[in-house]
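[1] what's the 3D shape of this:
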Amino acid sequence: MKQRSQVLAYSGTFLALVAAGSWISLPFVPVPLTLQTLFVLLSGVFMKRSAAVPIALYVLLGAAGLPIFHNGTAGIGVLLGPTGGYLIGFIPAASIAGLAYERRSERGRIAGLVLAAGVIHLFGVAWLAYSASLPLPQAILLGAVPFIPGDAVKVAAAYAIGKRIQ
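    Numbers count the residues shown, from 1 in each chain. Okay, the predicted model is just below:
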């Protein structure tokens, strides 16, 4: 019973944190820089294999019209727009980070966080190229390269927070 109630409590917390992180953004075009990625990674740190639960709920609630995507946007149109791939990529990224944090290996945990951040970019850039009819190299330059330094900081922060708390 404790396991289930803990998953529910953490799910509500991380759903709220990812939604709050969507409001902390820098307006890049076509994809804004937000703090959502940090909270997706932290969901894996704290929730382990259950981390995809709040992230999937976040995506579903946003798609259903709750204004919780970046800067209060909502609806299926956001998922079909240039940022949709990143949002969908949050789900497997949370799972990857969570599975990595079920291991005791420090290297495995770091690798899991890096891989999780990479998966977000993989989904994001692929969808950006498709939805905006961009050649893949241009989609990479617009949708991944500017975010690498920030994501490196987010990975380091998630790791440091996880190490401090656990």
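[2] gap between stretch 156-166 and the chain center?
    Remark: stretch 156-166 is offset 17 Å from the chain centroid, using Cα atoms, centre = their mean, to the nearest Å.
[3] What lies in contact with that stretch?
    Stretch 156-166 has contacts (Cβ atoms under 8 Å, 6 or more residues apart in numbering) with Leu38, Leu41, Leu42, Gly44, Val45, Phe46, Ala97, Tyr101, Arg109, Ile110, Leu113. In this view, the C-beta of every residue, glycine as well, is placed from N, C-alpha and C.
[4] In this protein, where's the longest helix?
    Ordering each helix of the chain by length in residues (DSSP state H) puts helix 106-131 first.
[5] wait, Phe123 sits on Thr83?
    No. The pair Phe123 / Thr83 is not scored as a contact, 10.7 Å apart, by Cβ atoms under 8 Å.
[6] what helices or strands is the next helix-or-strand element following the longest helix of the chain leaning on?
    Toward the C-terminus, helix 106-131 is succeeded by helix 136-143 as the next helix or strand (DSSP states H and E). The contact analysis (3 or more Cβ pairs under 8 Å, 6 or more residues apart in numbering; DSSP states H and E) places helix 136-143 against helix 106-131.
[7] For the helix it packs on, which helices and strands make contact with it?
    Helix 106-131 sits against helix 36-47, helix 84-100, helix 136-143, helix 148-165, with contacts defined as 3+ Cβ pairs under 8 Å, 6+ apart.
[8] again, only this time at 10 Å
    Helix 106-131 is packed against helix 36-47, helix 76-80, helix 84-100, helix 136-143, helix 148-165, with contacts defined by 3 or more Cβ pairs under 10 Å, 6 or more residues apart in numbering; DSSP states H and E.
[9] Which positions within that helix qualify as buried?
    Of the residues in helix 106-131, 109, 112-129, 131 count as buried by neighbour count, 16 or more other Cβ atoms under 10 Å.
[10] Please enumerate residues in contact with the helix or strand harbouring Ala9?
    Ala9 belongs to helix 2-23 when assigned by DSSP H and E. For helix 2-23, contacts defined as Cβ atoms under 10 Å, 6 or more residues apart in numbering pick out 32, 34-40, 42-44, 46-48, 50-51, 53-59, 61-62, 66-73, 87, 90, 94, 154.
[11] at 6 Å what do you get?
    Outside of helix 2-23, the residues within contact range by Cβ atoms under 6 Å, 6 or more residues apart in numbering are 34-36, 39, 43, 46-47, 50, 53-54, 57-58, 68-70.
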